[in-house]
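Enquirer: just a sequence and a predicted model for now, questions to come.
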Amino acid sequence: QVQLVESGGGLVQAGGSLRLSCAASGRTFTSYAMGWFRQAPGKEREFVAAISWSGGSTYYADSVKGRFTISRDNAKNTVYLQMNSLKPEDTAVYYCSAASIMTMSEGLYNYWGQGTQVTVSS
């Protein structure tokens, strides 16, 4: 089992920045690739970004490419999502997740956090 706890969400104006953190506990953190997903009101959950177990490979949704950066600190068992140039359409609950491989496929993620709310005002 892996337990994931997100933090860092909040209210920010358009153009601003936030950094989300996801602290992992339980099984070996480096066994897992990590991903961030988000779900806006009335919409399905969607992929945002993923990072390999080593941090050497990353992948982003087109909608956030160039604005968001995923990273991890394996010594701290933590994955981050740096979000810059935020837009109102980035408003959503953001979820951290763990999978055995780096993937954008939601169904392959075995473990999920409870989510953290990000609200971007115009």
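Expert: Structure's in. What do you need?
Enquirer: quick one: residue 86 and residue 92, what's the gap?
Expert: 11 Å (C-beta to C-beta, to the nearest Å). Placement of C-beta: from N, CA and C, glycine included.
Enquirer: cool, and residue 33?
Expert: Residue 33 is 21 Å from residue 92, by C-beta to C-beta.
Enquirer: give the contact list for residue 48.
Expert: 35, 36, 37, 38, 60, 61, 64, 68, 81, 94 (C-beta atoms under 8 Å, 6 or more residues apart in numbering).
Enquirer: apply 7 Å and report the result again.
Expert: If you count contacts by C-beta atoms under 7 Å, 6 or more residues apart in numbering, residue 48 has them with 36, 37, 38, 61, 64, 68.
Enquirer: pretty sure residue 18 sits against residue 8.
Expert: Yes - Residue 18 is in contact with residue 8 according to C-beta atoms under 7 Å; the separation is 6.2 Å.
Enquirer: what about those two, which has more around it?
Expert: Taking other C-beta atoms under 10 Å, residue 18 and residue 8 do not tie; residue 18 has more neighbours (21 against 16).
Enquirer: so what's that one closest to, chain neighbours aside?
Expert: residue 83 (5.0 Å; C-beta to C-beta, 6 or more residues apart in numbering).
Enquirer: what's the neighbour count on that neighbour?
Expert: 26.
Enquirer: follow-up on the earlier one: turn the contacts of residue 48 into CSV, including neighbour count and distance to residue 114.
Expert: Output for the contacts of residue 48, formatted as CSV (neighbours: other C-beta atoms under 10 Å; distance: C-beta to C-beta, whole Å):
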residue, neighbour count, distance to residue 114
36, 26, 14
37, 24, 13
38, 23, 14
61, 16, 21
64, 22, 21
68, 22, 20
